[in-house]
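Asker: Provided below are the primary sequence and the corresponding predicted coordinates.
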Amino acid sequence: MLDMDPALAAAIRARIEREELGNVEPGSLACGVTHSVRIKRAGIMARLTGGTPKDLDHGLMVTPEWVFVATRSDKDESAAVTAFRLRDLEAKDFASSEMALLALDSGVELTGAPLGGLERLTLFVPLADSPDGDHLKHVLFEAARAAGGTAPGAG
């Protein structure tokens, strides 16, 4: 996580420590950071309630057993971390999801019960439509399949 924003990396490390997951960082397969900017104006309800974040930073760390997603917005300096066990995860390319019909974006959609949760949820993680974004997506999908989760095959 050397290249990751220090606050996002610290949030992931704190979550790993709080959940007593051991020393998973040295075995990480890939890490990445994305910065997203909302380009559409927020709806009336969002504006009335304080709005939705305009800028979001995501830090992603993939290990053989886990994927950690740290999210920080321009509305809050602290980062929230969601962790999924890969064997229980369904990962898919956002371009093939139903939501892609409504939003032009690139990234991955992660569905599963997060660490510490019982209910399944779906989380969108933006990734650049670039060689780096494609590499991170490929590593995530490969790790999810290897752990027994669901992800698109190579190819």
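Answerer: Happy to help now that I have it.
Asker: for the protein, what spans make up the strands?
Answerer: 30-37, 55-62, 66-73, 76-85, 90-93, 107-112, 121-126 (DSSP state E).
Asker: out of the ones you listed, which comes closest to residue 148?
Answerer: Within the strands of the chain, the stretch nearest residue 148 is strand 76-85; the backing value is 9.6 Å (C-beta to C-beta). Where you see a C-beta, it was placed from the backbone N, CA and C, and this is true even at glycine.
Asker: what residues does the closest one touch?
Answerer: Applying C-beta atoms under 8 Å, 6 or more residues apart in numbering, the contact partners of strand 76-85 are 7-8, 10-12, 14-15, 19, 57, 59, 65-72, 110, 112-115, 123, 147.
Asker: Return the set of buried residues in the longest helix along the chain.
Answerer: Ranked by number of residues, the top helix in the chain under DSSP state H is helix 131-147. For helix 131-147, burial by neighbour count (16 or more other C-beta atoms under 10 Å) applies to 133, 136-137, 139-145, 147.
Asker: Farthest pair within those residues?
Answerer: 133 and 147 (21.4 Å).
Asker: what's the least confident stretch among the strands of the chain?
Answerer: Per-stretch mean pLDDT for these is lowest at strand 30-37 (a mean of 85).
Asker: Quick check: buried residues in that strand?
Answerer: Result for strand 30-37 [16+ other C-beta under 10 Å]: buried residues 30-34, 36.
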